[in-house]
Structure formats: structure tokens, C-alpha cells
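A.B. asks: next input, structure requested:
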Amino acid sequence: MRIQKEMIEKISKSVVLSLIKKDLIIWDERPEKLEAIVAGVIVDDLMVEDRLNEEVKMLLESKTEEYERSMMDFGRVFQMVKSKLVRERNIIL
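C.D. replies: Modelled structure (predicted):
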């Protein structure tokens with residue numbers, strides 16, 4: 001994840017304040033509770049690519065020697081596998 005926690009907190013606070021000021025939502029509890037929910041959604045979304053990268057690394061780990069023998073570039077293979085998974089799963093990065 002490339003965004004710092006403090007920035008996510010600022011973004012979620014801004015989103016919540018904007019929604020409440022514009023009467024786009026009805027929220028009877030403390031705004032901090034909604035801010036935490038929004039921050040959680042943002043973090044989950046940002047972590048999609050990190051989880052996908054880890055999955056691709058695990059898939060390719062067992063094949064590393066094979067790629068080295070065939071002189072294939074690990075980075076290129078990584079991107080190919082990642083792109084394929086993104087297409088198959090309809091992931092938006």
C-alpha cells in the first residue's frame with residue numbers, strides 16, 4: 001500500500017464531512033465511527049494489488065529455477081501472470 005495511514009484518515013474524514021454537509025447520508029452516530037468504516041473500505045481497496053502481488057510471487061516461486069534455466073526475465077513473467085489474473089478476476093487496479 002502506497003498511501004500513509006494519516007492520509008487515509010484525512011481522506012475518510014473529508015469524505016464523511018462532505019456527505020454529511022450535503023445531506024447525502026443520514027448518520028445518527030458519531031462521525032468518527034463512519035470515518036473508521038470509510039477508512040477500512042479504502043484500505044481494503046488499496047490492499048487488492050498488494051495481495052495479488054503476493055499471490056503471483058507464490059505462484060512463481062516454485063517455477064523460479066525453470067525460468068532461470070530458460071533465460072526468461074522474472075519481472076516480465078511476473079507482469080504477464082499478474083495481468084492475466086487481473087483480466088480473469090475483473091480486478092481494477
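
A.B. asks: what residues does the host helix or strand of residue 14 touch?
C.D. replies: Assessed by DSSP states H and E, residue 14 sits inside helix 5-21. Contacts of helix 5-21 with the rest of the structure, by Cβ atoms under 8 Å, 6 or more residues apart in numbering, involve 24, 25, 27, 31, 34, 35, 36, 38, 39, 42, 43, 46. Bear in mind the C-beta positions are built from the backbone N, C-alpha and C, glycine included.

A.B. asks: list only buried entries from those.
C.D. replies: 34, 35, 38, 39, 42 (16 or more other Cβ atoms under 10 Å).

A.B. asks: picking up where we left off before, mean confidence for the helix holding residue 14?
C.D. replies: Helix 5-21 carries an average pLDDT of 95.

A.B. asks: now the element after that helix, going C-ward?
C.D. replies: Next element after helix 5-21 (DSSP H and E): helix 31-61.

A.B. asks: tilt between the helix holding residue 14 and helix 31-61?
C.D. replies: Going by axes from the mean of the first three to the mean of the last three Cα atoms, to 10 degrees, helix 5-21 is angled at 130 degrees with respect to helix 31-61.

A.B. asks: return the set of buried residues in helix 5-21.
C.D. replies: Under 16+ other Cβ under 10 Å, the buried positions of helix 5-21 are 8, 12, 13, 15, 16, 19.

A.B. asks: how near is the last one to residue 52?
C.D. replies: What that stands for is residue 19. Using Cβ to Cβ, to the nearest Å, residue 19 is found at 30 Å from residue 52.

A.B. asks: before we move on, back to that, wait, which of the buried ones among the contacts of helix 5-21 is closest to residue 83?
C.D. replies: residue 42 (24.4 Å; Cβ to Cβ).

A.B. asks: distance of the residue nearest to that closest one when sequence neighbours are not counted from residue 88?
C.D. replies: Distance criterion Cβ to Cβ, 6 or more residues apart in numbering; nearest residue to residue 42, sequence neighbours excluded, is residue 8 at 5.3 Å. Using Cβ to Cβ, residue 8 is found at 29 Å from residue 88.

A.B. asks: same question for residue 81.
C.D. replies: 11 Å.

A.B. asks: and what of residue 20?
C.D. replies: From residue 20 to residue 88 the distance is 39 Å (Cβ to Cβ).
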